[in-house]
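S.K.: Build me a model from this:
(one chain, ligands or ions: 1)
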Amino acid sequence: MSVLTAPDLRRAAAWAPPSEEEPEVGILVRDLAKRFGAFRAVDGVSFAVPAGQLVALLGPSGSGKSTILRIIAGLEAADSGSVELTGEDATALPVQRRGVGFVFQHYALFRHMTVRQNIAFGLEVQKRPKAEVAARVDELLELIQMSGYAGRYPTQLSGGQRQRVALARALAPRPKVLLLDEPFGALDARVRDELRTWLRRLHDEVHVTSLFVTHDQQEAFEVADQVVVLNRGRVEQMGPPQELYERPASPFVAEFLGTVNVLRGRSRGGVAVLDGGAVVPHGAAEGDGPVSVYVRPHDLEVDRQRNGHPSWPGTVRRLVPLGGHVRLEVALADGTEVRVQLGRDRQAELALSAGDEIYITPRELKVFHAAEPMAPEYVI
Ligand SMILES: Nc1ncnc2c1ncn2[C@@H]1O[C@H](COP(=O)(O)OP(=O)(O)OP(=O)(O)O)[C@@H](O)[C@H]1O
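M.R.: Below is the predicted model:
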């Protein structure tokens, strides 16, 4: 998380927008590295944000997200690596010449300025003609659906409204790229949810290349065209949300993106034998040795009898009704607990209750070799 100061913003807003056509890559970072003392906060990070896309930087706390964003903005200098913004090498450019707009969680609006004055701020620093400023502010007020609030002060707004104004203020000078650092992090869950939907719609209208930092997987999935997953200052994987979810490149990505059952076993000749004795045919992990099998709760089918496919016998320990589906907690033969997500209709057919003996069949699973390096699958 970062805190921007008023001088930071003033410097950034002095940038004058270019008029040339947009290139294909909005943001390109190559081999970025940054240490704080002996600690490697960013450790060889490369990724590209295609022009006009909204990309999320997703990772746990301390994975280096904000540091990367600050390096792209020019608020922090990298030890090595490069940053290109819309095709131009920006590595050595000062913040005011980068053409970036920021929205940060903890950067409050200027309290002594009205909504209109806050949005106009960047344009006034650029000394734009008054009529142009007024027209642009009106346009943005409409875009953020706050035309009726132009004369209010920040203290007279809700948290969600303030962040909308912060976004309009960042967009006013038509930045090349927009950088958002947990912009909804301080808001309550319901408002957060509304603002995500709103941000996605807004982005579909303005198409400004945007990089969005979040530690919340659901937020990244709802808002972003693509997600860059970070872990300990390194990129684990990048891709469209569904692809990451369905084809995680590492155990970290599989575990970070939603609930997953992890079963241990040994692989030999393309077949894994789990510690409990269950057998998993696969072709995924090369070689023999210890493996971890990752399977999502909704990728497990349940039957009362063996169904002809390799299945794992287990006992239902608990059923938790969760509206549209039921969560089963199942103990396998060796006592391993597995979570299964069962559709309401399927539960109506099976009428399961605690203590029932069942067979579960994985539809989809991913096998990782214990020795498999957690290397990113993609590198620019
Ligand atoms: N100025 C600094 N001096 C020393 N250490 C720092 C500094 N800035 C960041 N760090 C450390 O670098 C690591 C990465 O920080 P960063 O803020 O980039 O992570 P993050 O993924 O954005 O985390 P969060 O979601 O908690 O903000 C953290 O361990 C942090 O303590």
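S.K.: Contact residues of the stretch 151-300 of the chain facing the ligand?
M.R.: Residues of the stretch 151-300 of the chain that fall close to the ligand, judged by Cβ under 6 Å from any ligand atom: His215. C-beta: built from backbone N, CA, C; applies to glycine.
S.K.: can you rerun that using 8 Å?
M.R.: Residues of the stretch 151-300 of the chain lying close to the ligand (Cβ under 8 Å from any ligand atom) are Asp181, Glu182, Val213, His215, Leu230, Gly233.
S.K.: Could you let me know which of those ends up closest to the ligand?
M.R.: Distance to the ligand across these (Cβ to the nearest ligand atom) is lowest for His215, with 4.9 Å.
S.K.: give me the number of residues near the closest one?
M.R.: 19 (other Cβ atoms under 10 Å).
S.K.: didn't it look like it was pressed against Lys65?
M.R.: Yes - with contact defined as Cβ atoms under 8 Å, His215 counts as touching Lys65 (7.5 Å).
S.K.: list residues touching both of the two?
M.R.: Common neighbours of His215 and Lys65 are listed as Leu58, Gly59 (criterion: Cβ atoms under 8 Å, 6 or more residues apart in numbering).
S.K.: for stretch 147-167, what is the average pLDDT?
M.R.: Average pLDDT, stretch 147-167: 92.
S.K.: Need the contact partners of it.
M.R.: For stretch 147-167, the surrounding residues in contact (Cβ under 8 Å, 6+ apart) are 103-104, 107-116, 118-119, 137-138, 141, 144-146, 180, 183-184, 186-188, 191, 194-195, 198-199, 202.
S.K.: Filter the residues you listed down to just the buried residues.
M.R.: By neighbour count, with 16 or more other Cβ atoms under 10 Å, these hold 103-104, 107, 109, 114-116, 118-119, 137, 141, 144, 146, 180, 183-184, 187, 191, 195, 198-199, 202 as buried.
S.K.: From the residues you listed, which land in strands?
M.R.: Mapping the buried ones among the contacts of stretch 147-167 onto strands (DSSP state E) picks out Val103, Phe104, Leu180.
S.K.: how much space between Glu142 and Ser210?
M.R.: Glu142 sits 20 Å away from Ser210, going by Cβ to Cβ, to the nearest Å.
S.K.: Between these two, point out the one with more neighbours.
M.R.: Comparing Glu142 with Ser210 by other Cβ under 10 Å, the one with more neighbours is Ser210, at 28 against 11.
S.K.: Tell me what that one is bridged to.
M.R.: On the basis of DSSP bridges, Ser210 is bridged to Leu54, Leu178.
S.K.: pretty sure it is touching Lys176, no?
M.R.: No - with contacts counted by Cβ under 8 Å, Ser210 stays clear of Lys176, the gap being 10.8 Å.
S.K.: In contact with Ile144, which residues?
M.R.: Residues near Ile144 by Cβ under 8 Å, 6+ apart: Arg164, Val165, Leu167, Ala168, Leu202.
S.K.: follow-up on the earlier one: I'd like the residues of the stretch 151-300 of the chain next to the ligand laid out as a markdown table, including distance to Ala33 and pLDDT.
M.R.: What follows is these, written out as a markdown table (distance: Cβ to Cβ, whole Å; pLDDT from 0 to 100):
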| residue | distance to Ala33 | pLDDT |
| --- | --- | --- |
| Asp181 | 20 | 93 |
| Glu182 | 23 | 90 |
| Val213 | 18 | 95 |
| His215 | 22 | 91 |
| Leu230 | 14 | 96 |
| Gly233 | 8 | 96 |
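S.K.: between those, which has the most around it?
M.R.: Leu230 (28 neighbours).
S.K.: what phi and what psi does the backbone show at that residue?
M.R.: Dihedral angles of Leu230 (phi, psi; degrees, to the nearest 10) stand at phi -110, psi 150.
S.K.: wait, what's in contact with it?
M.R.: By Cβ under 8 Å, 6+ apart, the contact list for Leu230 reads Val45, Leu57, Leu58, Gly59, Ser63, Gly64, Lys65, Ile68, Glu236.
S.K.: For it, name its beta-bridge partners.
M.R.: Assessed by DSSP bridges, Leu230 has beta-bridge partners Val235.
S.K.: That one and Arg98: what is the separation?
M.R.: 22 Å.
S.K.: wait, Ala370 sits on Ala272?
M.R.: No - the pair Ala370 / Ala272 is not scored as a contact, 11.3 Å apart, by Cβ under 8 Å.
S.K.: Mutual contacts of those two, please.
M.R.: Counting by Cβ under 8 Å, 6+ apart, the shared contacts of Ala370 and Ala272 are Val291.
S.K.: contacting residues for Ala254?
M.R.: Applying Cβ under 8 Å, 6+ apart, we find Ala254 in contact with Pro248, Val260, Tyr294, Lys366, Phe368.
S.K.: just Ala278 next, same as before
M.R.: Leu263, Pro310, Ser311, Trp312, Pro313, Leu332, Ala333.
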